[in-house]
Structures are given as C-alpha cells and as structure tokens.
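1. Mind folding the following:
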Amino acid sequence: MWHKFLFYLKRYGVAELVGGLIVIIISSLVYYFSGNKILAAYAGAFGENIGFYGAIIFGDIYKARKQAEHWSWSHIWRVLRNVMIEFGGAEFLDSLLVRPGFIFLGTTMFENYQLGALCGVVAADIVFYGLAVLSSELTKRFRK
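-> Next comes the predicted model:
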C-alpha cells in the first residue's frame with residue numbers, strides 16, 4: 001500500500017502544487033476585481049485545471065518520449081487519451097460542481113479569502129483524488 005501512495009504522490013505532487021498556486025492566484029484576482037465569489041470559484045477551478053493538467057501532460061509526454069525508440073505524434077495522442085481515461089469522470093464532477101462549490105463554501109466560511117480558497121481546494125482535492133485514484137486503478141489495462 002505504501003508504494004502505491006508514493007507512486008501517486010510522485011504522479012500528482014508537482015501538478016497539484018502548480019494547480020494549487022494557480023487556483024489561489026486566479027480566484028483571488030477575479031474576486032478582487034469582480035466581488036463575485038461564484039465567478040471567482042469557477043475561474044480558480046478553470047485555472048487549476050490548466051496548471052494541473054499542463055503539468056501532468058508535460059510530464060507524461062516527457063516520460064513517453066524517453067521510453068520510445070522512435071518518437072511520433074501518435075505518442076502525444078496516446079498520452080492525451082490516457083489522461084482522459086485516468087481523469088475524465090473525476091474531472092467532470094470536480095470542475096462543474098465539487099471544486100467551485102468547495103472554493104465558494106471555503107471563501108464564505110473564512111474572512112480571509114485566500115485561506116478560504118485554500119481550504120476549499122484541499123476539501124475538493126480529497127474528493128477528486130479519491131475518484132481519480134479509483135479510476136486510475138480500474139482503468140490501468142486500457143491505458144497501455
């Protein structure tokens with residue numbers, strides 16, 4: 001079990017840090033300029049997706065390129081397909097409902113906006129990673 005934890009920490013760790021930083025920055029900026037916590041929550045969730053999946057896809061392409069004897073564009077499509085299989089269902093729920101909802105809830109509960117956004121992100125991450133890891137484990141054979 002410990003090796004699986006370390007595997008997923010290595011797989012998701014850097015991407016989570018990049019995405020987490022972006023969500024705090026973007027949601028704070030949108031809230032500062034608009035005063036709308038719902039808009040800020042969705043903007044933050046969208047920004048986090050760009051950072052998180054950018055890091056995941058970049059890392060997966062880099063790893064696939066190192067492992068391939070003859071690199072071609074089909075490798076990129078395979079990486080994108082595998083990311084969709086691994087994260088698709090969890091991300092759909094996360095982006096549309098869970099993450100913006102928790103960010104909104106966190107920023108409503110805490111006076112400090114950034115602290116509330118951070119707490120919302122952490123709560124959303126617990127739900128997301130539960131679903132993502134389950135999906136990853138169940139779909140391993142389809143991502144070869």
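2. Quick one: the helices in the protein, in order.
-> Counting by DSSP state H, the chain has helices at residues 2-34, 37-67, 73-93, 99-109, 113-138.
3. Check which residues of the longest one are buried.
-> If I follow you right, that is helix 2-34. Residues 11-12, 15-16, 18-20, 22-28, 30-31 are the ones in helix 2-34 that count as buried (16 or more other Cβ atoms under 10 Å). All C-beta spots, glycine's among them, are computed from the backbone N, C-alpha and C.
4. That helix to helix 99-109, inter-axis angle?
-> 60 degrees (axes from the mean of the first three to the mean of the last three Cα atoms, to 10 degrees).
5. so who does the nearest residue to Ile25 once chain neighbours are set aside touch?
-> Nearest-residue entry for Ile25: Gly47, 7.4 Å, with adjacent residues in sequence omitted and distances by Cβ to Cβ, 6 or more residues apart in numbering. With contact taken as Cβ atoms under 8 Å, 6 or more residues apart in numbering, Gly47 is in contact with Gly19, Ile22, Val23, Ile25, Ile26, Ser27.
6. same thing but 7 Å
-> Residues near Gly47 by Cβ atoms under 7 Å, 6 or more residues apart in numbering: Ile22, Val23, Ile26.
7. same thing with Arg65?
-> Residues near Arg65 by Cβ under 7 Å, 6+ apart: Trp71, His75.
8. Distance of it relative to Val79?
-> Between Arg65 and Val79 the computed distance is 9 Å (Cβ to Cβ, to the nearest Å).
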